[in-house]
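Peer 1: got a predicted structure plus its sequence, pasted below:
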Amino acid sequence: MKVHFIAIGGSAMHNLAIALHKKGIEVSGSDDEIFDPSYSHLKKYDLLPSSWGWDISKINKDLDAVILGMHAREDNPELQKAKDLGLKIYSYPEYIYEQTKDKIRIVVGGSHGKTSTTSMIMHVLKDLDIDFDYMVGADLDGFDTMVRLSEDAKYVVLEGDEYLSSPIDLRPKFHLYHPNIAVITGIAWDHINVFPTFDNYLSQFEKFSNMISESGSLIYYREDENLRKIASNLRSDIKSIGYVEFNSIFENDRVFLVDEGKKYPLRIFGSHNLQNISAAYYVCKEIGISKNQFCESMSTFTGASKRLQVLDETNDYIAFQDFAHSPSKLKATVKAVREQYPNRQLIACMELHTFSSLKKEFLPQYKDSLKEADIACIYYNPEVVKHKHLSPFSEEDVKHAFGKEGLNVFTKSEDLVNSLNDLNYKNTVLLLMSSGTFGGLDLEEIAKSMNK
């Protein structure tokens, strides 16, 4: 087998390339630029392209498949040659389905909590020595890549992203997986550049639920009104399982899962994580794992990368990094930290970085998302807004949209750092939230420097 990746440097693309390489498939790839961690990962497995740019000589009739990444354009010369030669062209979710169509597919979808819930399921299966394949959107302890594909594993666990599959395949990724067991964690409008209205966004999850395989299951968050409607309109052969937060107690600054009078200590916290734990439990229950086994395994789960990841900690100071960027994720993360540390000052910093978050008409969706913070800061770069060809907005527009009294808004990362340097960090939690890096900051270094 020979497979070529157009835009191999993408987060999911390079991990899929490594997974196929490990499976014994001959892999090649091209890209116009590749950054870390993709660069280092590809170099480790000798899969890094020898030069940057697109090279049509790499496209020939010997290829069994060409996998097209979202970073490539529709007029990409390698893509055009692949079409001319009549080669089979896949998006990466389409190819993952082809590799896993004979397995029991567990697909986790939702506007928030996908990565965490997928990670929890993976952690439990690994802890119990159950063989499985996977694709997840973050680095996890105990897993050397974010994708695994094998010949023999009975199960595959897939994070089901609703974003588009490729430049020439505009279906949401999770529409291609056809799950046997599906999870929807919640629905809150995102990706305004692709789904211009909430109804349009909602319809993608309705379609996903109808793509569940015959006699499959849908596990959904029961407190979400839209999910209750979806669950009530499923095909008759699909089993629906509604869940709420897993039963827990809070003692001595720590959360414990509770089942039949037994307590299981957790290393993570927050009501959103208790919801994710419940979703993961019902998935595990569907494949025969007992509640006791599940809880024992969850007591050693430390979380996914950049999901309330501790950057620095002392007796009276702790700094977290989190991937939160959409309104629902932001609100859930801030609320979780406030509940965990009710008697500490909470300094919450968030970067407007994604297309949706930088769209002026989407900003009002963030209203009250930072209300639990004592000190709140927003950073955005007007040049990025301009680069994305979006309408400019002012610092006052941001303040009005968030509705947070005393909100600090910065358009230069050095001004944000200087402002943070002026604060007192005694008995404090610092929360840094972004899908980016606040304009190129080393967040771990920033967190440590504030702990004076």
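Peer 2: All right, it came through fine. On a predicted model such as this, the values are computed, not experimentally measured, just so you know.

Peer 1: low pLDDT regions in the stretch 101-250 of the chain?
Peer 2: The stretch 101-250 of the chain contains no residues with pLDDT under 70.

Peer 1: now the helices for it?
Peer 2: Listed in chain order, the helices of the stretch 101-250 of the chain (DSSP state H, counting those that start in this stretch) span 114-127, 198-210, 225-232.

Peer 1: neighbouring contacts of stretch 286-293?
Peer 2: Residues from elsewhere that reach stretch 286-293, judged by Cβ atoms under 8 Å, 6 or more residues apart in numbering: 104, 106, 124, 128, 130, 155, 181, 217, 219, 241, 259, 262, 281, 284-285. (C-beta placed from N, C-alpha, C; glycine too.)

Peer 1: gap between that stretch and the chain center?
Peer 2: 25 Å (Cα atoms, centre = their mean, to the nearest Å).

Peer 1: circling back to that earlier point, of the contacts of stretch 286-293, just the buried ones, PyMOL syntax please.
Peer 2: Entered in PyMOL, the line below selects the buried ones among those, by 16 or more other Cβ atoms under 10 Å:
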select buried, resi 104+106+124+155+181+217+219+241+281+284
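
Peer 1: among the contacts of stretch 286-293, which one lies nearest to residue 330?
Peer 2: residue 219 (24.7 Å; Cβ to Cβ).

Peer 1: ok, the closest one - contacts?
Peer 2: Counted by Cβ under 8 Å, 6+ apart, residue 219 has contacts 181-184, 241, 243, 279, 282-283, 286.

Peer 1: now for those residues: which two are most distant?
Peer 2: Largest separation among these by Cβ to Cβ: 184 and 286, giving 14.7 Å.

Peer 1: the more surrounded of the two?
Peer 2: residue 184 (27 against 17; other Cβ atoms under 10 Å).

Peer 1: just grab the bridge partners of that one for me.
Peer 2: residue 109, residue 220 (DSSP bridges).

Peer 1: give me the contact list for stretch 100-108.
Peer 2: 114, 117-118, 121, 133, 149, 153-160, 174, 177-183, 185, 213, 279, 283, 287.

Peer 1: rerun that using 7 Å as the cut-off
Peer 2: Applying Cβ atoms under 7 Å, 6 or more residues apart in numbering, the contact partners of stretch 100-108 are 114, 117-118, 121, 133, 153-160, 174, 177-183, 283.

Peer 1: please apply the same query to stretch 228-248.
Peer 2: By Cβ under 7 Å, 6+ apart, stretch 228-248 touches 205-206, 209-210, 212, 214-223, 255-259, 271, 274-275, 277-279, 281-282.

Peer 1: run the last query once more with 6 Å
Peer 2: With Cβ atoms under 6 Å, 6 or more residues apart in numbering as the test, stretch 228-248 has contacts from 206, 209, 212, 214-220, 222, 255, 257-258, 271, 274-275, 277-279, 282.

Peer 1: cool, stretch 381-390 as well?
Peer 2: 358-359, 392, 411, 439.

Peer 1: quickly list the domain ranges of this structure.
Peer 2: 2-87, 95-298, 309-450 (automatic domain parsing).

Peer 1: any of the contacts of stretch 381-390 buried? List them.
Peer 2: Among these, those classed as buried by 16+ other Cβ under 10 Å are 358-359, 411, 439.
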